[in-house]
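Peer 1: just a sequence and a predicted model for now, questions to come.
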Amino acid sequence: MFAQQVLNGLISGAVYALFALGFNLIFGVQKVLNLAHGAIFMTGAFVSYYAVVAGMPLWLALLLAMAVCALLSVLLDRFGFQLLRKYSAADAEFGALVISIGVGQVLTSIAQKVSETKVLSFPFGTFPVEFYRGLGLRISLLQVTVAVLVAVLVLCLAYFLQKTTFGRQVRAVAINPRASALLGINSRSVFMLTFGIAGALAAVAGVLIALSFNSIQFLMGEPYMLKAFVVVVLGGLGNLGGAVLASLLLGVAQAMAAAYLPPGLSDILVYATLFVVLIFKPNGLFGGAVAPAGVGRQ
């Protein structure tokens, strides 16, 4: 029972990590909070659902959702956040919050209208229902797929940030945008790229959550935004490696609380832990450097 809950928690934490990574990546590079991230996550689930219903295979529907959400994120940057960069940091941060909340509300309202406020479910057989047993554990093919896909995406993101030329430019802009511009780095391209990556990761998380619970509705992004805040605060704002570890810890903590504590105490435990961490570690458990080992480290 205990080992099974740990396994379930790690799988849930892996999806939290995918969602929180995009949210944290934008903050790490641009120092703004994109509050439309949850709505983009929801949009990915909706796009994949309607694509599958239209007859598209799931893998292609996933790619389509990634492309749509990446484009939405890039457009948000191009016609929203980019226009604010000429103002002071304080004005830009406030403006970014207002714009992202507005875009999130627009996307949520569109989804509400399209779905007629109904809870949608993928057609039966969209993903094979198979289970495996071993070492006293029970794991589904979907859980295996989630774990493998999240691991691959996180490793690809880490490799991109650490080993590629564009990744080094991202880290340079995260450290000092002004100095980066003097070195000839196009910060506008870097910002658009980070928004595109964040949108694509949010789409994958949305599709995986929709498949895991076979439930899609227009408000599904809101609880995950709350979890993302917990993750980025525990892991350290802008710290991508910390976000992954904090996501896994959050997933395991919630699974354990759901299994061993009275109903309703799971979220109380999580937010009480967040409160305690903020008192003793204001920068989070893993500090505030942008990483896996750092967007902001050379």
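Peer 2: Yep, it's here.
Peer 1: pLDDT weak spots in the stretch 151-298 of the chain?
Peer 2: 237-238, 286-298 (pLDDT under 70).
Peer 1: one more time with 90
Peer 2: 158, 160-191, 212-214, 221-298 (pLDDT under 90).
Peer 1: ranges for the helices of it?
Peer 2: All helices of the stretch 151-298 of the chain, identified by DSSP state H, counting those that start in this stretch, fall at 165-175, 177-182, 187-213, 221-235, 240-260, 265-280.
Peer 1: minimum distance to residue 152: which of those has it?
Peer 2: helix 187-213 (10.4 Å; CB to CB). Placement of C-beta: from N, CA and C, glycine included.
Peer 1: between the closest one and helix 165-175, how big is the angle?
Peer 2: Put simply, helix 187-213 runs at 100 degrees to helix 165-175, going by axes from the mean of the first three to the mean of the last three CA atoms, to 10 degrees.
Peer 1: now stretch 52-62: mean pLDDT?
Peer 2: The average pLDDT within stretch 52-62 is 94.
Peer 1: mind listing what's buried in it?
Peer 2: 52, 61-62 (16 or more other CB atoms under 10 Å).
Peer 1: measure it end to end?
Peer 2: Its first and final residues considered, stretch 52-62 spans 9 Å by CA to CA, to the nearest Å.
Peer 1: re the thing from before, which of the helices of the stretch 151-298 of the chain sits most buried?
Peer 2: helix 187-213 (a mean of 24; mean count of other CB atoms under 10 Å).
Peer 1: now do that one: distance to the chain's middle.
Peer 2: Helix 187-213 has its C-alpha centroid displaced from the chain centroid by 7 Å (CA atoms, centre = their mean, to the nearest Å).
Peer 1: could you do stretch 179-198 as well?
Peer 2: Using CA atoms, centre = their mean, the offset of stretch 179-198 from its chain centre is 20 Å.
Peer 1: what's the span of it, first residue to last?
Peer 2: OK, stretch 179-198 end separation, CA to CA: 24 Å.
Peer 1: walk me through which strands the host helix or strand of residue 132 pairs with, and which way each runs.
Peer 2: Using DSSP states H and E, residue 132 sits in strand 131-134. Here strand 131-134 has these sheet partners by DSSP bridges: strand 137-140 (antiparallel).
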